[in-house]
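Asker: Output the structure for:
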Amino acid sequence: MVLLLLSVLDRFCEKLTSQQVSCSILILMPRCLTAYFCSPISFCFALLTNSFRSAIRYSAKCATSPGTSCQKLIGRKISLLYAVTFLLILPMLFHDVRHSAFYLHLNKTAITELMKNANSRRIVQAEKYFSLLNNSRTLDQHQQQSGNTSGKVITVALTIITVSRNRHQIDSYEPKYLTQTVWKFRSLLEKWRHRNHRLGIHLSICNVDSLVASYHEAHSLSKFVPMFSRFNDTHFSLVHTLEKEKQDYVFCLNKSLAVNNADYVFLVEDDALPTEDVFDVLQRVILMHTEQSFIRGEFRCKPSDVAFVKFYHPERLLGFISLEPERLPELFSYAAILSTLLTIVYAVTWGFAAPSDGVTVNACWTRLFVFSLIVVLSSGRTGISEWRRLASPTLYSYTTAPSCCTPAMLFPRSSALRTVSYLNSSTCSNNFGKDSLLDKMRQDLRLTAHLVQPNTFTHIGVYSSLRLRVVDPFMV
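Answerer: Numbers count the residues shown, from 1 in each chain. Here you go, the predicted model:
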């Protein structure tokens, strides 16, 4: 559409000047009225338009009249098209998109500072929110069912697993991840309960810190959200760190099942910050995929083999180049759609009418498909997939879950009971954490697991409770 708009400007300028000059030049000339309204961005798009048109036309001419001069000309035009696209247009659009080829913040120290600054701003917002709450009625109000009471209500126990971070062992900074996560969930729930929904969501905190008495952040939040703790006093664990993490997970999962006899348990780690649409996506997943399955346009009975549904997967592992079955088809689909749209724009703007030009639809589409493939790959899958949020949650994808990572997991009740039993009978050790054990459970019991994309959580945990250090920001 941008190319089409610029083409209209091009034709308008040609009529005004009565000279055969391309829009990429006219936009900069004061005698063209559009010059007074141009910006660097419009100039770049105009240059891209001119390069795009020239590359297609001259490549087709060279196909019918090969020669050394023609090959040089086509090489220059194509080089200009790629240069404008990959050195100007895409860097402007994707310079802040992580895991794209144009991400500018490559210094780990600088990224860590940026994340800390964003974290501090959220802490200010969260503390302001809690300071405005009326403590005398906060807990009672929260305990009200956040769903539609007319008809069957599906109960979801939303539990935040928490452990203290840093404790001044690394530096003096207090990340307060739990404060931010509780603030975000509570504020979203306040909006949620005013709408007519079929989910009854009950928020709790599961405190698994070994130094439970000195975990002041969790205790201060227990005035606003119900909290249950694994330990009553200081506890010194003698088991492996990964085994303790697994035991903590089992404890929180088991305790959550007792919350209002929950139909589902939604376990979220304290450094997973939810997006604004998390409850809309959660409701759609439960109603369309776990309470019943929707296959080939038909609703079928409730599936019994769903182990869990992931609502977060690390962005660095969500790229197009992957063994996951949906990734490469998605890459080629995006490229095909983009190349088709560009071909249509070319046909509407300049047409294929002149046989002497040698520009055929197939030749044009093939060249633009290669161009689009490179554009999509370099832009990154996570950035491109953001279009799905335009019609959230309808356009969200629901695919087979890959291995790794448990920041936000939804368990149906029957699966949660199986998971507790299986994890209790197994032990974690070096390089074999609870996420690996969950994958092994899925294989042994022949269960399925799914992933919702794009992510409905942001992983904000730079201070690791397992490694007791600041982690690589590119791994967060």
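
Asker: where does the stretch 251-400 of the chain dip in pLDDT?
Answerer: Scanning the stretch 251-400 of the chain with the threshold set as pLDDT under 70 gives 294-299, 351-359.

Asker: Okay, helices next: where are they in it?
Answerer: Under the criterion DSSP state H, counting those that start in this stretch, the stretch 251-400 of the chain contains helices at 278-285, 327-349, 361-379, 381-384.

Asker: Can you say which of those is nearest to A391?
Answerer: Among those, the nearest to A391 by C-beta to C-beta is helix 278-285 (10.8 Å). (Each C-beta comes from the backbone N, C-alpha and C, glycine too.)

Asker: Provide the contact partners of that closest one at residue level.
Answerer: Contact partners of helix 278-285, identified using C-beta atoms under 8 Å, 6 or more residues apart in numbering, comprise 156, 188-189, 192, 197-199, 201, 266, 309, 311, 392-394, 396, 398, 410, 452, 456-457.

Asker: can we see that at 6 Å?
Answerer: Here helix 278-285 makes contact (C-beta atoms under 6 Å, 6 or more residues apart in numbering) with W192, L199, V309, P393, Y396, T456.

Asker: how is this structure carved up into domains?
Answerer: Structural domains assigned to the chain are 2-94+321-379, 108-302+456-475, following automatic domain parsing.

Asker: What about the closest residue to A449 other than its chain neighbours, how many residues nearby?
Answerer: Among residues not flanking A449 along the chain, A401 sits closest, at 3.9 Å (C-beta to C-beta, 6 or more residues apart in numbering). A count of nearby residues for A401, using other C-beta atoms under 10 Å, gives 22.

Asker: any idea how far V306 is from A401?
Answerer: 10 Å (C-beta to C-beta, to the nearest Å).

Asker: Next up, the contacts around A157.
Answerer: By C-beta under 6 Å, 6+ apart, A157 lies in contact with H202, S256, V259, A262, V265.

Asker: correct me, but the last one touches S256?
Answerer: Pointing back at V265 there. Yes: using C-beta atoms under 6 Å, V265 is in contact with S256, at 4.3 Å.

Asker: Which parts of the protein are strands?
Answerer: Listed in chain order, the strands of the chain (DSSP state E) span 154-162, 199-207, 227-229, 264-269, 272-274, 293-295, 298-300, 306-310, 397-400, 408-412, 448-453, 457-459.

Asker: Any idea which of those strands gets closest to E324?
Answerer: Taking C-beta to C-beta as the measure, these were each checked against E324, and strand 397-400 came out nearest at 7.2 Å.

Asker: Partner strands of that closest one, with direction?
Answerer: Its sheet considered, strand 397-400 pairs with strand 448-453 (antiparallel) by DSSP bridges.

Asker: what's in contact with the partner strand?
Answerer: 305-311, 313, 396-399, 401, 442.

Asker: Using neighbour counts, trim these to the buried set.
Answerer: Buried members of those, scored by 16 or more other C-beta atoms under 10 Å, are V306, A307, F308, V309, K310, F311, H313, Y396, Y398, A401, R442.

Asker: Return the closest of those residues with respect to S414.
Answerer: V306 (9.0 Å).

Asker: roughly how far apart are that closest one and M409?
Answerer: Distance from V306 to M409, by C-beta to C-beta: 12 Å.

Asker: Can you check the pLDDT for G67?
Answerer: Per-residue pLDDT puts G67 at 49.

Asker: What about N362, how many residues nearby?
Answerer: N362, neighbours per other C-beta under 10 Å, totals 8.

Asker: Check Q125 too.
Answerer: Q125: 13 surrounding residues under other C-beta under 10 Å.

Asker: My understanding was that Y334 contacts V376; is that so?
Answerer: Yes: if you go by C-beta under 6 Å, Y334 and V376 touch, sitting 4.7 Å apart.

Asker: circling back to that earlier point, export the contacts of A157 to a markdown table and tack on neighbour count and distance to V370?
Answerer: Shown next, in a markdown table, are these (neighbours: other C-beta atoms under 10 Å; distance: C-beta to C-beta, whole Å):
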| residue | neighbour count | distance to V370 |
| --- | --- | --- |
| H202 | 23 | 53 |
| S256 | 26 | 51 |
| V259 | 18 | 54 |
| A262 | 23 | 52 |
| V265 | 28 | 48 |
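
Asker: which two from those end up farthest apart in space?
Answerer: Top of the distance list for these (C-beta to C-beta): H202 and V265, 10.4 Å.

Asker: Closest to R121 out of the contacts of A157?
Answerer: Nearest member of the contacts of A157 to R121, counting by C-beta to C-beta, is H202, at 29.2 Å.

Asker: Contact partners for that closest one?
Answerer: Residues in contact with H202, defined by C-beta under 6 Å, 6+ apart, are A157, V259, N260.

Asker: So what's the residue count around the closest residue to E174 other than its chain neighbours?
Answerer: Distances taken as C-beta to C-beta, 6+ apart place N166 nearest to E174, at 6.6 Å, with adjacent residues excluded. Neighbours of N166 under the rule other C-beta under 10 Å: 19.

Asker: now N166: how far from E217?
Answerer: Remark: distance between N166 and E217 (C-beta to C-beta) = 11 Å.

Asker: swap in W387?
Answerer: According to C-beta to C-beta, W387 stands 37 Å off from E217.

Asker: neighbours around K152, how many?
Answerer: For K152, using other C-beta under 10 Å, the count is 8.

Asker: Could you shift the numbering so residue one becomes 598, and keep it that way?
Answerer: Taking 598 as the first residue, the last one we looked at is K749.

Asker: Tell me the confidence at it?
Answerer: pLDDT, K749: 79.

Asker: Thanks a lot, see you next time.
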